[in-house]
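**Student:** need the 3D shape of this:
(one chain, ligands or ions: 3)
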Amino acid sequence: MEHEHKQHLLTPNQMAMADKAAVAAGVPAMDLMAAAGKAVADAVLARWSRCSVLVLCGPGNNGGDGFVVATLLHSAGWPVRLAFLGSMEQLSPEAAHFFHAWQGDVEGYSVDVLEQTDLVIDALFGAGLTRSLAGKARDMLDEIIARDIPVCAVDVPSGLDGATGAAFGVVAPAELTVTFFRKKPGHLLFPGRALCGELVVADIGIPAAVLEALDIQAWENSPELWYRDYPWPRLDGHKFHRGHALVYGGENMTGASRLTARGAMRIGAGLVTLAAPIKAWAVYATALTGVMVAKLEQSQEAEDFEELLLDPRYNAIAVGPGAGLVGFERIRTRKIVLAALVTGRATVLDADALSAFSGDPQTLLDAIVGPCVMTPHEGEFARIFPEMNKSPEMNKNHRDDKLTRARLAAKQSGAVVVLKGADTVIASPDGRAVINSNAPADLATGGSGDVLTGFIVGLLSQGTSQGMSPFNAAAAGVWLHGEVANTFGAGLIAEDLPDHLPKVLSAFKTRLFTFKK
Ligand SMILES: NC(=O)C1=CN([C@@H]2O[C@H](COP(=O)(O)OP(=O)(O)OC[C@H]3O[C@@H](n4cnc5c(N)ncnc54)[C@H](OP(=O)(O)O)[C@@H]3O)[C@@H](O)[C@H]2O)[C@@H](O)CC1
Ligand SMILES: Nc1ncnc2c1ncn2[C@@H]1O[C@H](COP(=O)(O)OP(=O)(O)O)[C@@H](O)[C@H]1O
Ligand SMILES: [K+]
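**Tutor:** Residues are numbered from 1 along each chain as shown. Ligands and ions are numbered 1, 2, ... in the order given. As a prediction, the model looks like this:
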């Protein structure tokens, strides 16, 4: 992962350090600000027709960028007005330079300036925001929202925390956000992602070499991060080279684990066995063809499952989808999970495998000894990590910060945590994290998470022999899941996900040539 720089996500602090490092390396700060303002003006000129623009400039360098934008749009012949929240004495030398370069008037900073404004350039606050917006800054944003005026944001919409995607009080949603050098987590995490609108990342002349010293631990999910380890079938391989995934299936919701098993097959597990209680065995055996079905005798399912695991060829295990939580099922699910974990083999825990430990999560966390991936949605996450919001490590203002929660959960459990949702975060116990951004809302359909479990266990079954780590398998599974949903489009149901995967894999394989260049 260290070779790939484009997917790096920088916190606002890291961005400020990158800025400083660029200046130390000889790039004049004035040039950075000029390039930032030009990138915003170019993006506006490319998207909007000539209209009446109001540039709102704040006291810091975000405001400095705003002065540049105002001057450039004015030169392009647009009617531009500028309002400044701050004082001359506060401005950095660069911002002061571009303030003086602005030839027009500076309007009084009051909501009246919004009259006859077709487009607002929001250059109030960017990476330097440290607290909730109040007073005149907030009133202006409230009024922009009330009047529904289109906004182009510089760096981030003012009031958005670039580190977490949370709003510091109110934020006026932007149609377009132009940021610089690299994205920040807050551009990808909700609500930030929705508040940014279209996101453009502009190169402003900061050399990529400055990234080396920043100890960056977050990336936007993309094949560049893991394609080198992707377990393509080997020319000389046979099915045992591609692993043998074992999926546990319960006796009532049989569809869930079947989706998991099919997902594992489609992503390339050499063999998949579904282990099912005898009562449901006939259902599974009738419905499945390529997937083998193993029988677990009544009332000794967990013991039979343990016995199956004596065969070392089962190199990756998935438990959870349809496992069961009602009455005795809950006890059985817990036993199956613990039997899987004690082997130390790669295990994916989802759905009921997590919920079965609600009220007693430590038993689960203590049992994780080998490579493990947990794939909770927010509800399941709260059952396994109920103390998370009370952690002293959490910043008081950022209790909902998904990136921090996923990281803490991974550290606490020793498992890779895939905290699902529209902005799925994949976190490793060592602190690395990936934010996924390609998943469409069409995935919000019953059973899609079961297929994801199948994709991940399928990759793990192949990966152990070929070097794909659980972290990379989880990131790859989540990305492919999103990509399949994207290419399938509207009307998607969970069953479509495994069956549409081959098309996406073929396209991905073709794209590999471009990655390798
Ligand atoms: N990094 C790069 O590569 C480049 C970055 N560039 C640009 O610089 C921007 C970062 O600039 P920045 O550091 O000056 O911060 P910025 O957001 O303008 O605000 C700081 C001011 O706001 C104030 N303040 C804070 N919170 C407040 C609140 N709630 N309510 C009221 N005031 C509040 C704070 O006051 P203080 O907290 O110190 O009291 C300080 O005066 C970045 O977003 C990008 O646009 C480009 O020019 C070139 C390359
Ligand atoms: N609005 C959304 N946008 C993108 N992806 C989503 C959205 N809602 C859900 N997903 C994805 O769909 C899957 C749903 O999984 P899960 O909640 O376990 O549902 P199920 O149990 O029905 O399979 C997850 O991978 C999640 O990230
Ligand atoms: K801004």
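
**Student:** now Val120. Its backbone dihedrals?
**Tutor:** Here is the backbone geometry of Val120 (degrees, to the nearest 10): phi -100, psi 130.

**Student:** how many neighbouring residues does it have?
**Tutor:** Here the number of neighbours of Val120 (other Cβ atoms under 10 Å) works out to 25. The C-beta positions use only the backbone N, C-alpha and C, and glycine is treated the same way.

**Student:** partner residues bridging it?
**Tutor:** Leu54, Val151 (DSSP bridges).

**Student:** OK, now which residue of the chain is nearest to ligand 2?
**Tutor:** In the chain, the residue that lies nearest ligand 2 is Gly449 (2.1 Å; Cβ to the nearest ligand atom).

**Student:** kindly format the C-alpha coordinates of stretch 427-441 as CSV.
**Tutor:** C-alpha atoms of stretch 427-441 as CSV (Å, rounded to 0.1, in the frame of the first residue of the first chain):
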residue,chain,number,x,y,z
ALA,A,427,-10.0,-0.8,9.7
SER,A,428,-7.0,-2.9,10.7
PRO,A,429,-5.9,-3.5,14.3
ASP,A,430,-2.6,-1.8,13.3
GLY,A,431,-4.4,1.6,12.7
ARG,A,432,-4.6,1.5,8.9
ALA,A,433,-8.0,2.2,7.5
VAL,A,434,-9.7,2.4,4.1
ILE,A,435,-12.9,4.3,3.4
ASN,A,436,-15.1,2.9,0.6
SER,A,437,-16.7,5.4,-1.7
ASN,A,438,-18.0,3.5,-4.7
ALA,A,439,-21.1,1.8,-3.2
PRO,A,440,-24.5,3.0,-4.6
ALA,A,441,-27.7,3.2,-2.5
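
**Student:** buried ones in the helix or strand where Glu483 lies?
**Tutor:** Per DSSP states H and E: Glu483 is located in helix 470-488. Across helix 470-488, burial judged by 16 or more other Cβ atoms under 10 Å covers 470-485, 488.

**Student:** test my guess that the residue of the chain closest to ligand 2 contacts Glu378.
**Tutor:** No: the criterion here is Cβ atoms under 8 Å, and Gly449 misses it with Glu378 at 11.8 Å.

**Student:** quick one on the thing from earlier: quick one: the residue of the chain closest to ligand 2 is in a strand?
**Tutor:** No: read with DSSP: H, G, I helix; E, B strand; the rest coil, Gly449 is helix and lies in no strand.

**Student:** where does it land on pLDDT?
**Tutor:** Listed pLDDT for Gly449 reads 98.

**Student:** from Ala494, how far off is it?
**Tutor:** Gly449 sits 8 Å away from Ala494, going by Cβ to Cβ, to the nearest Å.

**Student:** tell me which of these two has more neighbours.
**Tutor:** In this view Gly449 and Ala494 are compared by other Cβ under 10 Å, and Gly449 has more residues nearby, 25 against 20.

**Student:** that one: what's it in contact with?
**Tutor:** 321, 350-351, 375, 377, 420 (Cβ atoms under 8 Å, 6 or more residues apart in numbering).

**Student:** can I assume Leu354 is in contact with Ala382?
**Tutor:** No: using Cβ under 8 Å, Leu354 makes no contact with Ala382, being 10.2 Å away.

**Student:** Gly421: how many residues sit nearby?
**Tutor:** Neighbour count of Gly421, defined by other Cβ under 10 Å: 17.

**Student:** tell me who's in contact with it.
**Tutor:** Contacts for Gly421 (Cβ under 8 Å, 6+ apart) come out as 190, 377-378, 402.

**Student:** drop anything exposed from the residues you listed.
**Tutor:** Applying 16+ other Cβ under 10 Å to these flags 377, 402 as buried.

**Student:** quick one: which of the contacts of Gly421 is nearest Phe455?
**Tutor:** His377 (15.9 Å; Cβ to Cβ).

**Student:** bridging residues for the nearest residue to Tyr248 once chain neighbours are set aside?
**Tutor:** Distance criterion Cβ to Cβ, 6 or more residues apart in numbering; nearest residue to Tyr248, sequence neighbours excluded, is Val319 at 4.6 Å. Note on Val319: beta-bridge partners by DSSP bridges are Leu349.

**Student:** quick one: Val319 and Arg334 touch, right?
**Tutor:** No: using Cβ under 8 Å as the test, Val319 is too far from Arg334 to be in contact (10.0 Å).

**Student:** who has more neighbours out of these two?
**Tutor:** Val319 (33 against 22).

**Student:** distance of that one relative to Lys184?
**Tutor:** Look at Val319 and Lys184: by Cβ to Cβ, they are 36 Å apart.

**Student:** same question, Gly431
**Tutor:** Between Gly431 and Lys184 the computed distance is 17 Å (Cβ to Cβ).

**Student:** neighbour count winner among those two?
**Tutor:** Using other Cβ under 10 Å as the criterion, Gly431 and Lys184 rank with Lys184 on top: 28 against 12.

**Student:** not counting its neighbours along the chain, what's nearest that one?
**Tutor:** Nearest residue to Lys184 in three dimensions, chain neighbours excluded: Gly162, at 3.8 Å (Cβ to Cβ, 6+ apart).

**Student:** for Trp232, what are its contacts?
**Tutor:** By Cβ under 8 Å, 6+ apart, the neighbours of Trp232 are Lys509.

**Student:** switch the cut-off to 10 Å
**Tutor:** Taking Cβ atoms under 10 Å, 6 or more residues apart in numbering as the criterion, Trp232 is in contact with 242, 268, 462, 466, 505, 509, 512.

**Student:** format the residues you listed as TSV; extra columns: distance to ligand 1, neighbour count and secondary structure.
**Tutor:** Formatted as TSV, these follow (distance: Cβ to the nearest ligand atom, whole Å; neighbours: other Cβ atoms under 10 Å; DSSP: H, G, I helix; E, B strand; the rest coil):
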residue	distance to ligand 1	neighbour count	secondary structure
Arg242	46	21	helix
Gly268	42	19	coil
Gln462	41	27	helix
Gln466	39	16	helix
Leu505	38	18	helix
Lys509	37	12	helix
Leu512	32	14	helix
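
**Student:** how about the residues you listed in a markdown table, adding pLDDT?
**Tutor:** Putting these into a markdown table (pLDDT from 0 to 100) gives the following:
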| residue | pLDDT |
| --- | --- |
| Arg242 | 87 |
| Gly268 | 94 |
| Gln462 | 92 |
| Gln466 | 65 |
| Leu505 | 96 |
| Lys509 | 89 |
| Leu512 | 79 |
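
**Student:** and the furthest pair within those residues?
**Tutor:** Checking the contacts of Trp232 with Cβ to Cβ, the most distant pair is Arg242 and Leu512, at 18.6 Å.

**Student:** what's the closest of the contacts of Trp232 to ligand 3?
**Tutor:** Ligand 3 lies nearest to Leu512 out of the contacts of Trp232, by Cβ to the ion, at 37.8 Å.

**Student:** how about the nearest residue to the closest one, chain neighbours excluded?
**Tutor:** Tyr227 (6.0 Å).

**Student:** any idea how far the one you found lies from Asn472?
**Tutor:** When Tyr227 is compared with Asn472 (using Cβ to Cβ), they lie 9 Å apart.

**Student:** just Gln217 next, same as before
**Tutor:** From Gln217 to Asn472 the distance is 15 Å (Cβ to Cβ).

**Student:** next: Phe455.
**Tutor:** Taken as Cβ to Cβ, the span from Phe455 to Asn472 is 13 Å.

**Student:** and for Val416?
**Tutor:** 9 Å.

**Student:** so what sits against both of these two?
**Tutor:** Joint contacts of Val416 and Asn472 (Cβ under 10 Å, 6+ apart) are 426, 428.

**Student:** done for today, thanks.
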